[in-house]
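# quick one: sequence plus predicted model below, questions after.
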Amino acid sequence: MQFLILHIDNLIGKDIPLLIIAELIATNLAYMVVLAAPMAVLVATLMAYGKFSELNELTALRASGINPFKIIRPVLIASVLLFIGLAWFSNNVLPEANQKARSLFIDIRLKKPGFELKPNIFYDGIEGYTFLVEQIDGETDSLYNITLFQKADKTRDRAYIVADKGLLVSQGEQALTLHLINGTSMEFSRNKRRSDDIIERNHFKRHIKTLDLSNLSFMRSNPEDRNRSDRTMSSRAMLAVVDSLFNEIDDQQTVMSENMLLVPSSDYQGRESFFNFDKLLPDTLNNIEAIQSPYMVTNYFEKAEIQRTLVNESIRQMKEYRTKLESVNANIEWREKRIARYLVEIHKKLSIPFACVVFILFGAPVGIMTRRGNFGFAALISTVVLTFYWVSLIQGEKLADRLFITPLIGMWTFNVVLSLVGIYLIIKLSTGIQISKLLPKRD
């Protein structure tokens, strides 16, 4: 329902088949499966073990000498199997569903609305024509005071048609026949021999035009012909892209390391002939005495003008080198952000399904301790936990995309923390050990 409300303006008024809309909704449900499964696991776990404890069945098990972990273990094994299945679904089915949904939604957005004339409003929905109708009779499909502008193409000339009355006759979904009655046409015929057009004016009692409506019909494109993003790629495909991006970064760094500035060494011979400054400077400047420069390289030369030219040239090259270095750094940073975005998606394909296991570890002992198995109490706890979980997941993704933290930390921190809390609660429930008792007492 949320999807329909958000995109209803792109669906109505275009005569889109119901099967296409149903397919669009079905393909968009794929990502909801990945998100809904961990939520369902948490709610179901809290209700099941809360009811188990509420009916004092846990007390009966403990009295029989059965460790409470034994009633958690089968569900934990089932959650591992669910994690494996959901991870496969997220890596193989979800990208293809996202690609089909994205391609189908683009096709729907590009589809023009159906042929719909309105009185005193220009209509140019049919390629090559512009209509203006003063009055429309909806019962008989009759048009009155029609003005038709026809654009020129390879098969027809530019024309201007005015008629007192018209009638629309459907020729299927691909064509529409317009019968014009009592009107005038002015056609601008192209002449190869002359540079200007020949204008032909005609009066008619009946004129028939066939309008092609094929461009108004829904045309479906092949999803494989569209580019894929990180949401529409499998982990293997994203790892291949990440590997190529790392290679591009290495190439950029290699180019910069090889493009270092040339600094003459102390044993260099023929310095002035190498720079060829004598040919660039007038003879009057060659007699200027040299100065003692704070730069070591400039002291190799005996003329002050050559020294100044060398310093200016060095400054120019350093500025140029700095510009290149900034450009390379920007390119590397852009590639690093792309790498982070792909790695975030790769980790997300595992971290969200793994939440099924995490919520069993956390939900089972919490449900037993709360001793309430009603849906309202389970929904309340689930809302709080899931809110923190999704907020941490979204913020971790944003921070990882901006290179503040690694994708591993951004996608797995809350899973690790909640798992540790759940393991501690299970140990406490099974053995009665408390951390406060293990800590040394202060005198």
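Done, it's in. As the structure is a prediction and not an experimental result, all values here were calculated from the model.
# can you pull out the helices in the stretch 1-150 of the chain?
Assigned by DSSP state H, counting those that start in this stretch, the helices in the stretch 1-150 of the chain fall at 2-7, 18-28, 30-54, 57-63, 69-88, 94-110.
# could those go into a markdown table alongside mean neighbour count, distance to Ser229 and mean pLDDT?
C-betas here are computed from N, CA, C, even on glycine. Putting the helices of the stretch 1-150 of the chain into a markdown table (neighbours: other C-beta atoms under 10 Å; distance: least, C-beta to C-beta, whole Å; pLDDT from 0 to 100) gives the following:
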| stretch | mean neighbour count | distance to Ser229 | mean pLDDT |
| --- | --- | --- | --- |
| helix 2-7 | 11 | 19 | 72 |
| helix 18-28 | 14 | 15 | 82 |
| helix 30-54 | 19 | 13 | 88 |
| helix 57-63 | 13 | 49 | 77 |
| helix 69-88 | 16 | 20 | 92 |
| helix 94-110 | 18 | 8 | 81 |
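# wait, which of those is closest to Ala237?
Closest approach to Ala237 among these is made by helix 94-110 (8.1 Å; C-beta to C-beta).
# can you name every helix or strand that the closest one contacts?
helix 18-28, helix 30-54 (3 or more C-beta pairs under 8 Å, 6 or more residues apart in numbering; DSSP states H and E).
# let's see 10 Å
Other elements packing on helix 94-110 under the criterion 3 or more C-beta pairs under 10 Å, 6 or more residues apart in numbering; DSSP states H and E are helix 2-7, helix 18-28, helix 30-54, helix 235-258, helix 304-370.
# and Asn92, what does it touch?
By C-beta atoms under 10 Å, 6 or more residues apart in numbering, the contact list for Asn92 reads 234-236, 349.
# and Asn28, by the same measure?
Per C-beta under 10 Å, 6+ apart, neighbours of Asn28: 2-4, 7, 97-98, 100-102, 104-105.
# tell me the one among those nearest to Leu408.
Closest to Leu408, out of all of the contacts of Asn28 and judged by C-beta to C-beta, is Asn98, at 23.4 Å.
# the nearest residue to that closest one once chain neighbours are set aside: how many residues sit nearby?
If the residues on either side of it in the chain are set aside, Asn98 comes closest to Thr232, at 4.7 Å by C-beta to C-beta, 6 or more residues apart in numbering. Neighbour count of Thr232, defined by other C-beta atoms under 10 Å: 21.
# any idea which element Thr210 lies in?
Per DSSP states H and E: Thr210 is located in strand 198-212.
# neighbouring contacts of that strand?
Residues external to strand 198-212 that are found in contact with it (C-beta under 10 Å, 6+ apart): 115, 126-129, 131, 148, 150, 156-157, 159-161, 163, 166-169, 171, 174-191.
# what about the helices in the stretch 151-300 of the chain?
Under DSSP H, counting those that start in this stretch, the stretch 151-300 of the chain gives helices at 235-258, 271-275, 277-280.
# and His203, how many neighbours does it have?
Counted with other C-beta under 10 Å, His203 comes out at 9.
# apologies, that question was intended for Val391.
11.
# try Val385
Quick note: Val385 (other C-beta under 10 Å) scores 20 neighbours.
# equivalent analysis for the one 10 residues further on, please.
Residues lying near Gln395 (other C-beta under 10 Å) number 14.
# what of Phe246?
Other residues lying near Phe246 total 13 when counted by other C-beta under 10 Å.
# can you tell me the closest non-neighbouring residue to it?
Spatial nearest neighbour of Phe246, chain neighbours left out: Ile339 (7.0 Å); criterion: C-beta to C-beta, 6+ apart.
# ok, that neighbour - contacts?
Contacts of Ile339 (C-beta under 10 Å, 6+ apart): 238, 241-246, 249, 403, 407.
# which one among those residues gets closest to Gln395?
Closest to Gln395, out of all of those and judged by C-beta to C-beta, is Pro407, at 13.2 Å.
# quick check: the closest residue to that closest one other than its chain neighbours vs Ala60, distance?
Closest residue in space to Pro407, ignoring its immediate chain neighbours: Leu343 at 3.9 Å, by C-beta to C-beta, 6+ apart. In this view, Leu343 and Ala60 are 49 Å apart by C-beta to C-beta, to the nearest Å.
# are any of the contacts of strand 198-212 buried, and if so which?
115, 126, 128-129, 131, 148, 150, 159, 161, 163, 166, 168, 176, 178-181, 183, 185, 187 (16 or more other C-beta atoms under 10 Å).
# which of those residues fall within strands?
Using DSSP state E, the subset of these located in strands is 129, 131, 148, 150, 159, 161, 163, 166, 168, 176, 178-181, 183, 185, 187.
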